[in-house]
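Enquirer: pasted the sequence and its predicted model underneath.
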Amino acid sequence: MSKKDIKNNVLSQEVWVLAILIAGLLLLSLIPEITIGTFHFRKIDLLSDLHPTSLVANPVLSDSITATDSISRPKHSYNPSLVRIEDYSGDGKILGYFYDAMNKVHQRQVRIAFFGDSYIEGDIISASFRDTLQHIFGGNGVGLVPMASETSGFRKSVKHTFGGWNTHTLITATNEDIPIGISGYTCVPERENFATYQPGKIPPQKNFKKVKLFYLNNGSASVEYTINDEPVIREKLSSSNHIQELTFTHRGIETIRFHVTPVENLYLFGVSFEDNYGVYVDNFSLRRNSGIALARLSPTLLKQFNEFLDYKLIILQYGLNVASATDSTHYTWYSSKMVSIIKNLKEIFPHASFLLLSVGDRGINKAGKVVTMEAIPELRDIQRSIAKKSGIAFWDMFEAMGGKNSVANYTHAEPPLASKDYTHLTHLGGFKMGNILGQVLIQEINIHEE
């Protein structure tokens, strides 16, 4: 056989192989999209690039997105294993404000306030909850962070160092003249004050897009700030009886450092890291807070904060500091106070939806075996009744963890998902629960849209 004949024979074989492959793909394209158990077959569309809609590039989440861009939201199949959010609104629209805001999430911010106790300090749960939502709906930043915090070294979502601040909280404040910020923190500067922020490692983030400073200034204070290794810039702070916001924008903020002077009549509430669109979750954790301390927050200041932040969902996570084996009242005192607090919060944030999380599992050693504290299921039921009486949404986090004795399994897991106090979650455990809560909320959004 000549070289020419061999070449023609090889070419003929390649053509036949290609023809068979195309025919096979065309046959597969006739099979509809199906799901069997955990196996999901997506419909093959060999001619998709010829469709008119394919002539437009698929949109992606990037810094180039403008307010006029529209991004289709990915759909997720229904997962019956997820513990659903319970709606006690009476009209089935308990998360309506949040749902409506999410329709424009790629054009504007949708902000969530996540109030809680030591269970979420260090951004545990709220960090992975934020990441799960931002992965789907966009957003770049960890939200509002105090100037100083007792858990800054424990937090992985932002690197935060500071010094020279007198820190006042809802729990520790003894001077009623000190205005407490929405996070439960207010920092009064000393002479040699500073606060430095860098992107955290979890999730990995290269830089900040937009930074905002929240303060109350009744004097003639100024702020000196340094972005990356650039020269120090001084800017005068507005003097007002109203909370003020100062915005810093830059092509890429890898480090930002603040120093304020002079220090009289100046209160710093924190720094927010964000962008123009997407979901933002502010972690407002406060150790030893049962939730009742929220009553000490000034309604006037909260309304002023909301003028800037415009919350669409407020999550309340409490209970660890309430559970007791000796409470003979069956938590009636706690229920009445929390119902009153939620009622007031609904008036302060009239365009926000509310979601109450139940207490998580908490273990005690009983006859050499770690079991669920008897008060936990009862407190969970009380919290559900609080949601019913308040007409808000409720999520059974105790059940979502696995119910009775689940925290023992979390603690003994490799690597551990809960600490050896059989109460608090580790960062890994928080990652798991925050991701579950994010999936639950995404599923509820999809169900609402159908």
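Expert: The structure has been received and is ready for your questions. Numbering: from 1, shown residues only.

Enquirer: okay, helices next: where are they in this structure?
Expert: 3-28, 96-102, 126-137, 299-309, 332-348, 375-390, 397-401, 406-411, 427-449 (DSSP state H).

Enquirer: backbone phi and psi for the closest residue to residue 156 other than its chain neighbours, please?
Expert: Take residue 156 and drop its neighbours on the chain: the residue closest to it by Cβ to Cβ, 6 or more residues apart in numbering is residue 202, 4.4 Å away. (Glycine included, C-beta is placed from N, CA and C.) In terms of degrees, to the nearest 10, the main-chain angles of residue 202 are phi -130, psi 110.

Enquirer: mind listing what residue 193 touches?
Expert: The contact partners of residue 193, by Cβ atoms under 8 Å, 6 or more residues apart in numbering, come to 162-165, 259-260, 263.

Enquirer: where's the dip in pLDDT among the residues you listed?
Expert: Lowest pLDDT among the contacts of residue 193: residue 263, with 85.

Enquirer: averaged pLDDT, stretch 290-303. What do you get?
Expert: 96.

Enquirer: and it, which residues are buried?
Expert: Using 16 or more other Cβ atoms under 10 Å as the test for burial, stretch 290-303 gives 290-294, 297, 301-302.

Enquirer: what sits up against that stretch?
Expert: Counting by Cβ under 8 Å, 6+ apart, 115, 117, 170-171, 173, 179-182, 184, 243, 286, 316, 318-319, 321-322, 334, 337-338, 340-341, 344-345, 347-349 sit against stretch 290-303.

Enquirer: report the buried members of the residues you listed.
Expert: By 16+ other Cβ under 10 Å, these give 115, 117, 170, 173, 179-182, 184, 243, 286, 316, 318-319, 321-322, 334, 337-338, 341, 345, 348-349 as buried.

Enquirer: next, format the buried residues of stretch 290-303 as JSON lines and append distance to residue 216.
Expert: Formatted as JSON lines, the buried residues of stretch 290-303 follow (distance: Cβ to Cβ, whole Å):
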{"residue": "290", "distance to residue 216": "27"}
{"residue": "291", "distance to residue 216": "25"}
{"residue": "292", "distance to residue 216": "25"}
{"residue": "293", "distance to residue 216": "20"}
{"residue": "294", "distance to residue 216": "20"}
{"residue": "297", "distance to residue 216": "14"}
{"residue": "301", "distance to residue 216": "8"}
{"residue": "302", "distance to residue 216": "13"}
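
Enquirer: widest-spaced pair of those residues?
Expert: Using Cβ to Cβ, the two most remote members of those are 290 and 301, lying 21.0 Å apart.

Enquirer: out of the helices of the chain, which gets nearest to residue 218?
Expert: Here helix 299-309 is closest among the helices of the chain (Cβ to Cβ), at 13.9 Å.

Enquirer: so how far is the closest one off the chain centroid?
Expert: 20 Å (Cα atoms, centre = their mean, to the nearest Å).

Enquirer: strands of the stretch 151-300 of the chain, start to end?
Expert: With DSSP state E, counting those that start in this stretch as the criterion, the stretch 151-300 of the chain has strands at 158-169, 185-199, 208-217, 222-227, 233-236, 244-253, 256-261, 266-274, 278-285.

Enquirer: next, the angle strand 222-227 makes with the longest one.
Expert: Right, the one you point to is strand 185-199. 20 degrees (axes from the mean of the first three to the mean of the last three Cα atoms, to 10 degrees).

Enquirer: surely residue 210 touches residue 275?
Expert: Yes: at 5.6 Å, residue 210 and residue 275 qualify as touching, with contact defined as Cβ atoms under 8 Å.

Enquirer: overlap of the contact sets of those two?
Expert: residue 141.

Enquirer: low-scoring pLDDT stretches of this structure, where are they?
Expert: Across the chain, the ranges flagged by pLDDT under 70 are 1-77.

Enquirer: which non-adjacent residue is nearest residue 132?
Expert: residue 438 (2.9 Å).

Enquirer: gap between the nearest residue to residue 440 once chain neighbours are set aside and residue 443?
Expert: Nearest non-adjacent residue to residue 440, counting by Cβ to Cβ, 6+ apart: residue 82, 5.2 Å away. From residue 82 over to residue 443 the distance is 6 Å, taken as Cβ to Cβ, to the nearest Å.
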